[in-house]
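Chemist: model the following, please.
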Amino acid sequence: SILPRSMPELGHFDIQGRSDPMQSVGGDHYDFIPITDKSLGIAVADVSGHGLPAALQVRDVYMGLRMGLSRDFKIVRTVERLNAIIHESTLTSRFVSMVYGELEDSGVFIFVNAGHPPPLLLRPDGSFRRLRSSGPVLGPLEHATYRRGFARLRPGDILVLYTDGIIETQCGHRLDEMYGEDRLRKVVEAHREAPAREIIDAIFASLDEFCGGREADDDRTVVVVKRPRASIDPDA
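Modeler: Numbering: from 1, shown residues only. Next up, the predicted model:
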């Protein structure tokens, strides 16, 4: 019930998300948090474990991020406070990987990656960048520190944030092989002219094909941020 009920609007960006839990509730989470009318907070998190215990920790992630941002904390301070909340938790799921970033309508994306699989920033020419970790997973270390990373989405760029349930999918007859980042990237490239919702649907369809219809072995979440080619780049 704390997953977004509608997709956000920010300038010309096309932003969509989808989360499929392995059980009725899960430990994956994504969120869109309005910062100003020209900037948007985007979070994707993965709590260790599955089911209700993981879902309860997701609630702490949801509340901790929004409380920190409502108090006007900077991005690094917000993540460090969230780490302290999870560290002090009595729940069994005390290991949380997360990417949280703030996207401006100019295309600037300031982010912190807390031990999470690196989001992919795909360029129209086929090149790409991984937005790598800037600190450890949330929870285990009381005084963990983080640093900001910077990226810029230009017209035609696509940013894909996801949990490890996507790239680490192993299904029945293919236990020696994971779905992997390469497959994910190729699916996005093949559908790069489609709307963000269709790109996400294509990713999940590819996962179903990879697994031959077998059930998922982990929660799966994807967020796609697409900047249309026709949008204006103020620095161009």
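Chemist: which of the residues in the lowest-mean-pLDDT helix or strand in the chain are buried?
Modeler: Least confident helix or strand of the chain, by mean pLDDT, DSSP states H and E, is helix 51-70 with a mean of 77. Within helix 51-70, the residues that count as buried by 16 or more other CB atoms under 10 Å are 51, 53-58, 60-62, 64-66, 68-69. Every C-beta, even on glycine, is put in place using the N, C-alpha and C of the backbone.
Chemist: just the C-alpha atoms of that helix, please, in CSV.
Modeler: Extracted C-alpha coordinates of helix 51-70, given in CSV (Å, rounded to 0.1, in the frame of the first residue of the first chain):
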residue,chain,number,x,y,z
GLY,A,51,7.6,-11.7,3.2
LEU,A,52,6.3,-9.8,6.2
PRO,A,53,9.6,-9.1,8.1
ALA,A,54,11.1,-7.5,5.0
ALA,A,55,7.9,-5.5,4.3
LEU,A,56,8.0,-4.1,7.8
GLN,A,57,11.5,-2.8,7.2
VAL,A,58,10.4,-1.3,4.0
ARG,A,59,8.0,0.8,6.0
ASP,A,60,11.0,2.2,7.9
VAL,A,61,12.8,3.1,4.6
TYR,A,62,9.6,4.8,3.4
MET,A,63,9.1,6.8,6.6
GLY,A,64,12.8,7.6,7.2
LEU,A,65,13.4,9.0,3.7
ARG,A,66,10.3,11.2,3.8
MET,A,67,10.9,12.5,7.4
GLY,A,68,14.5,13.4,6.5
LEU,A,69,13.5,15.2,3.4
SER,A,70,10.7,17.0,5.1
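Chemist: which regions of the protein sit below the pLDDT cut-off?
Modeler: The chain contains residues with pLDDT under 70 at 1, 23-26, 49-53, 72, 91-93, 172-175, 216-217, 231-236.
Chemist: strands of that one, residue ranges please.
Modeler: For the chain, strands defined by DSSP state E occupy the ranges 14-20, 28-36, 39-47, 96-104, 108-114, 120-122, 128-130, 149-152, 158-162, 220-226.
Chemist: tell me which of the ones you listed lies nearest to Asn83.
Modeler: strand 108-114 (7.3 Å; CB to CB).
Chemist: which strand residues bridge Ala151?
Modeler: With DSSP bridges as the criterion, Ala151 is bridged to Phe109.
Chemist: which residues touch it?
Modeler: Shown in contact with Ala151 (CB atoms under 8 Å, 6 or more residues apart in numbering): 108-109, 111, 121, 129, 131, 159.
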